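Chemist: Need coordinates for the following:
(one chain, ligands or ions: 1)
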Amino acid sequence: MAPTAFVSGATGFIAQHIVKQLLEKGYNVVGSVRSESKGEKVKKNFGSNFSYEIVEDLETEGAFDKALKKHPEVTVFLHTASPITFHAEDNEKDIILPAINGTVNVLKAIKSSAPQITKVIITSSGLTQINGVDPNSAPEDTWNSISYERAKQDTMSAYVGSKAFAEKAAVEFVEKEKPSFSVSSIHPVLVFGPQAYDSEAKGELNITNTFISGLLKLKASEGAELPKSDGRFIDVRDVAAAHLIAIEKPTNGLRVQVRSGGYTNQTLLNILNKNFPELDLIKGSPTENLVGDDSANHSKSREYLGMNYIGLEKSVVDTIKQYLEANK
Ligand code: NAP
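Modeler: Residues are numbered from 1 along each chain as shown. The predicted model follows:
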């Protein structure tokens, strides 16, 4: 019988790629979604080996108990659901607490209601692995040091904190409860790349792809200026592939970072101008400021995954081609 995986937050940008790759590999997938209409929408793309359970709120005590009791065939749980937004009314309530309590609810539900599950993989973040002190320290062994009070102060800090606090809560759960399942984490840096299905590219893109699509507003004819920005990126298809590798291969406690390389706004703009000249975008300074921050040696993760990561140009072109096509 085909194995069955549970994916929390199956409507998400990354989760849809994970589900798609699982289905392609012959898994059956049960996903959690927040409403029936969202479930029906993704099911149209996923097909008959996908079913969904409604979990309205990650934070509700026992949120995942019922869903897991209904599916004794599930043997692996991928926890991707977590708030990722730059618009919150209350940073603690809307971002930090759902991340922490959602993770703990998943682990508690598996321990009490799904003893057949042997493996949990949490989609954490490269941001939990930045310590701000030594940029060359190995990310696999590093934690960000943001305090709870600092994290509440703005949405970006709340997100950075939420991912670290949630991951730490999982580590504590394992230490205290000594569950029979293993818990590991995948740490993507900023994720670019096309939506898993063309229909999902209509309208606004997911928040992290707006780092690219936002540049499409910089029309040469309007004399716009290029804002400075840089960082590290990974393509979403590689993020999903890393989750599948972690299902099949023990991670032995490695907090697996997934990172292709660095980018700057100028490198993104150069790629857009080369591949989509008809968009008539500003040029910026095409030969300056091209190398994004790709410091911190993540060779342990690279070796573990053994993947050839998708490069920036392909990631950007695939994203924008799909977006322009969907929004013609
Ligand atoms: P996304 O598209 O916004 O997906 C987030 C998922 O979580 C959605 O399914 C969303 O449901 C669900 N969710 C959010 N808050 C919830 C709540 N309070 N209760 C129930 N469900 C909730 O974002 P993504 O980029 O795919 O991110 C997925 C995971 O990867 C997150 O854990 C994120 O922290 C992590 N990550 C993302 C990046 C990145 O650059 N994108 C980088 C590193 C790590 P709805 O669809 O109903 O809103």
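
Chemist: need the residues of the stretch 201-328 of the chain near the ligand, please.
Modeler: Residues of the stretch 201-328 of the chain lying near the ligand by C-beta under 6 Å from any ligand atom: 206, 208. Quick note: C-beta positions are derived from backbone N, CA and C, even for glycine.

Chemist: ok, the one residue in the stretch 201-328 of the chain that gets nearest to the ligand - contacts?
Modeler: Nearest residue of the stretch 201-328 of the chain to the ligand (C-beta to the nearest ligand atom) works out as residue 208 at 3.7 Å. Residues near residue 208 by C-beta atoms under 8 Å, 6 or more residues apart in numbering: 13, 84, 190-192.

Chemist: What are the phi and psi values at it?
Modeler: Main-chain torsions, residue 208, degrees, to the nearest 10: phi -80, psi -30.

Chemist: follow-up on the earlier one: now for the contacts of residue 208, which pair is the farthest apart?
Modeler: 84 and 192 (14.1 Å; C-beta to C-beta).

Chemist: Neighbour count: the two, which is higher?
Modeler: Using other C-beta atoms under 10 Å as the criterion, residue 84 and residue 192 rank with residue 192 on top: 26 against 20.

Chemist: Isn't the more buried one up against residue 317?
Modeler: No - the pair residue 192 / residue 317 is not scored as a contact, 10.6 Å apart, by C-beta atoms under 8 Å.

Chemist: which stretches of the stretch 201-328 of the chain form helices?
Modeler: 210-213, 236-248, 265-275, 299-305, 312-326 (DSSP state H, counting those that start in this stretch).

Chemist: Could you pull up the residues touching residue 245?
Modeler: When contacts are counted by C-beta under 8 Å, 6+ apart, residue 245 touches 304-307.

Chemist: Report the beta-bridge partners for residue 79.
Modeler: For residue 79, the beta-bridge partners under DSSP bridges are residue 8, residue 122.

Chemist: So which elements touch the helix or strand residue 18 falls within?
Modeler: Using DSSP states H and E, residue 18 sits in helix 13-24. Other helices and strands packing on helix 13-24, by 3 or more C-beta pairs under 8 Å, 6 or more residues apart in numbering; DSSP states H and E, are strand 4-8, strand 28-33, helix 36-46, helix 236-248.

Chemist: can you pull the buried residues of the third one?
Modeler: Going back to what we said before, that points to helix 36-46. 39, 42-43, 45-46 (16 or more other C-beta atoms under 10 Å).

Chemist: Now the two most distant members of those residues.
Modeler: Of all pairs in these, the most separated under C-beta to C-beta is 39 and 45 at 11.7 Å.

Chemist: between the helices of the stretch 201-328 of the chain, which gets nearest to residue 258?
Modeler: Per C-beta to C-beta, nearest to residue 258 of the helices of the stretch 201-328 of the chain: helix 236-248, 4.7 Å.

Chemist: contacting residues for the closest residue to residue 20 other than its chain neighbours?
Modeler: Sequence neighbours aside, residue 196 is the residue nearest to residue 20 in space, at 4.7 Å (criterion: C-beta to C-beta, 6 or more residues apart in numbering). When contacts are counted by C-beta under 8 Å, 6+ apart, residue 196 touches 13, 16-17, 19-20, 45, 236.

Chemist: hmm, 6 Å instead?
Modeler: When contacts are counted by C-beta atoms under 6 Å, 6 or more residues apart in numbering, residue 196 touches 16-17, 20.

Chemist: Give the other helices and strands that the longest helix seen in the chain contacts.
Modeler: The longest helix of the chain (DSSP state H) is helix 155-177. If you count contacts as 3 or more C-beta pairs under 6 Å, 6 or more residues apart in numbering; DSSP states H and E, helix 155-177 packs onto helix 97-113, helix 148-151, strand 182-188.

Chemist: and the shortest one, which residues are buried?
Modeler: For helix 148-151, a neighbour-count test (16+ other C-beta under 10 Å) marks residue 151 as buried.

Chemist: and if you look at the longest one?
Modeler: Buried residues in helix 97-113, counted by 16+ other C-beta under 10 Å: 97-111, 113.

Chemist: Pull the most distant pair out of those.
Modeler: Counting by C-beta to C-beta, the most remote pair of the buried residues of helix 97-113 is 97 and 113, 22.5 Å apart.

Chemist: Nearest residue to whichever residue of the stretch 1-150 of the chain sits closest to the ligand in space, please, no chain neighbours.
Modeler: Residue of the stretch 1-150 of the chain nearest the ligand, by C-beta to the nearest ligand atom: residue 12 (2.6 Å). Leaving aside its chain neighbours, residue 12 sits nearest to residue 80 (5.7 Å; criterion: C-beta to C-beta, 6+ apart).
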